[in-house]
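Asker: I'd like to go over a predicted model; first the sequence, then the structure.
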Amino acid sequence: MKIESEIEKVSSFQHLEMLANQVVEGFISGMHKSPFHGFSAEFAEHKVYNAGESTKHIDWKLFAKTDRLYTKRFEEETNLRCHLIVDNSSSMHYPELKSNQPFYEKKIGFAVLASAVLMNILKKQRDAVGLSVFSDKYEYYAPEKGSDRHHRMLLNKLEELLVLPKVKKTTDTITYLHQIAEKMHRRSMIILFTDMFQTEDDEKLFNALQHLKHNKHKVVLFHVVENQTEMKFDFDNTPRKFIDLESGEEVSIFADNVKQEYEKRVEAYFKNLALTCAKNQIKYVPVNVGDNFEKILTTYLVEKQNFG
């Protein structure tokens with residue numbers, strides 16, 4: 001089955017790029033009400049043309065508007081390098097969607113569309129973007145570039161992640177965060193989308209996150225959850241079988257019997273994550289798959305302003 005036809009079924013848009021563009025355009029048009037009032041919808045970076053330079057890259061459309069000569073900036077002159085990391089373990093392919101639900105109400109779908117939205121805004125600003133995908137192996141790596149061809153390649157890869165993997169994939173966050181960190185040589189903003197389901201101890205995880213920060217990289221962790229069931233454990237009180245998506249382990253329980261204890265532990269885990277990230281100067285942002293993408297974009301813009 002072709003990935004394109006699969007996406008058409010789960011989305012009213014035919015294309016991830018088109019949907020990402022809708023989100024960004026909607027956000028920009030609403031920005032006059034926000035603290036980013038000064039952030040122009042004319043994203044492309046330009047510099048003033050100096051006599052003697054090649055006329056090859058003069059933006060004639062902008063000249064017609066402003067009566068001034070500007071040249072377009074290119075990838076090697078980019079302001080920002082951004083590396084997106086997506087956790088593609090089996091737990092990210094939760095919850096199972098009904099046929100009428102959009103793909104971004106599943107954790108992996110939310111991470112994919114959020115990544116495409118950030119890529120869209122990075123492209124508008126002529127910033128370079130790279131991508132890593134991991135689960136129980138390092139599935140994909142592309143370094144930061146700014147070309148149209150590179151963007152198309154990354155979007156194709158993101159689209160592929162929407163298809164449910166046929167085999168269960170565990171999460172080896174620590175190993176692959178260390179490997180990704182080793183690949184990051186030039187100062188970048190690193191943005192990670194994960195549900196933080198991992199069996200290793202927290203200290204090892206934060207060592208790996210700390211490693212991502214070497215070379216003065218800025219790290220943003222978007223903790224992707226499905227609030228209703230993963231945070232509030234909101235199930236009716238019929239006996240249910242819960243299956244671990246990564247190990248296949250099963251447990252049969254009445255949800256009400258464990259709800260209180262479950263909520264208490266989840267709250268403590270989130271609080272500890274937030275505190276440890278703050279201590280390590282990692283921007284920690286929990287996001288719910290049912291929410292819009294404003295929090296993603298606002299966080300990115302604030303962090304970009306602080307990046308210099």
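Answerer: Structure received. Keep in mind that what you see is a predicted model, and the values were worked out from it rather than measured.
Asker: how close does residue 217 sit to residue 177?
Answerer: Taking Cβ to Cβ, to the nearest Å as the measure, residue 217 falls 12 Å from residue 177. Using the backbone N, CA and C atoms, a C-beta is placed for each residue, glycine as well.
Asker: More neighbours: the two, which one.
Answerer: Each of residue 217 and residue 177 has its neighbours counted (other Cβ atoms under 10 Å); residue 177 has more, 26 against 18.
Asker: The more buried one: which element?
Answerer: helix 173-183 (DSSP states H and E).
Asker: Helix or strand next in line after that helix, which one?
Answerer: Sequence order places strand 189-194 as the next helix or strand after helix 173-183, per DSSP H and E.
Asker: can you list contacts of that following strand?
Answerer: Strand 189-194 has contacts (Cβ atoms under 8 Å, 6 or more residues apart in numbering) with 80-87, 92, 110-111, 114-115, 118, 171, 173, 177, 180, 184, 212, 217-224, 300, 303-304, 307.
Asker: related to what we said a few turns ago, in the helix holding residue 177, what counts as buried?
Answerer: Going by neighbour count (16 or more other Cβ atoms under 10 Å), the buried part of helix 173-183 is 173, 174, 175, 176, 177, 179, 180, 181.
Asker: any idea which of those is closest to residue 134?
Answerer: residue 176 (3.8 Å; Cβ to Cβ).
Asker: Which residue, other than its chain neighbours, is closest to that closest one?
Answerer: residue 134 (3.8 Å; Cβ to Cβ, 6 or more residues apart in numbering).
Asker: For this structure, just list every one of the helices.
Answerer: For the chain, the helices defined by DSSP state H cover 3-10, 16-29, 60-66, 107-124, 148-160, 173-183, 202-212, 255-279, 294-307.
Asker: ok, back up a step: now the buried residues of helix 173-183 in CSV, with distance to residue 164 and pLDDT?
Answerer: CSV is the format used below for those (distance: Cβ to Cβ, whole Å; pLDDT from 0 to 100):
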residue, distance to residue 164, pLDDT
173, 20, 88
174, 25, 88
175, 24, 90
176, 21, 92
177, 24, 91
179, 25, 94
180, 24, 93
181, 29, 92
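Asker: Switch these over to JSON lines; also include distance to residue 123.
Answerer: As requested, the buried residues of helix 173-183 are arranged in JSON lines below (distance: Cβ to Cβ, whole Å):
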{"residue": "173", "distance to residue 123": "28"}
{"residue": "174", "distance to residue 123": "31"}
{"residue": "175", "distance to residue 123": "31"}
{"residue": "176", "distance to residue 123": "26"}
{"residue": "177", "distance to residue 123": "26"}
{"residue": "179", "distance to residue 123": "26"}
{"residue": "180", "distance to residue 123": "22"}
{"residue": "181", "distance to residue 123": "25"}
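Asker: Specify the stretch among the helices of the chain that is closest to residue 100.
Answerer: Of the helices of the chain, nearest to residue 100 by Cβ to Cβ is helix 3-10, at 9.5 Å.
Asker: List the contacts of the residue positioned nearest the centre of the chain.
Answerer: With distances taken as Cα atoms, centre = their mean, the residue of the chain nearest its centroid is residue 115 (4.0 Å). By Cβ under 8 Å, 6+ apart, residue 115 lies in contact with 84, 86, 131, 158, 191, 193.
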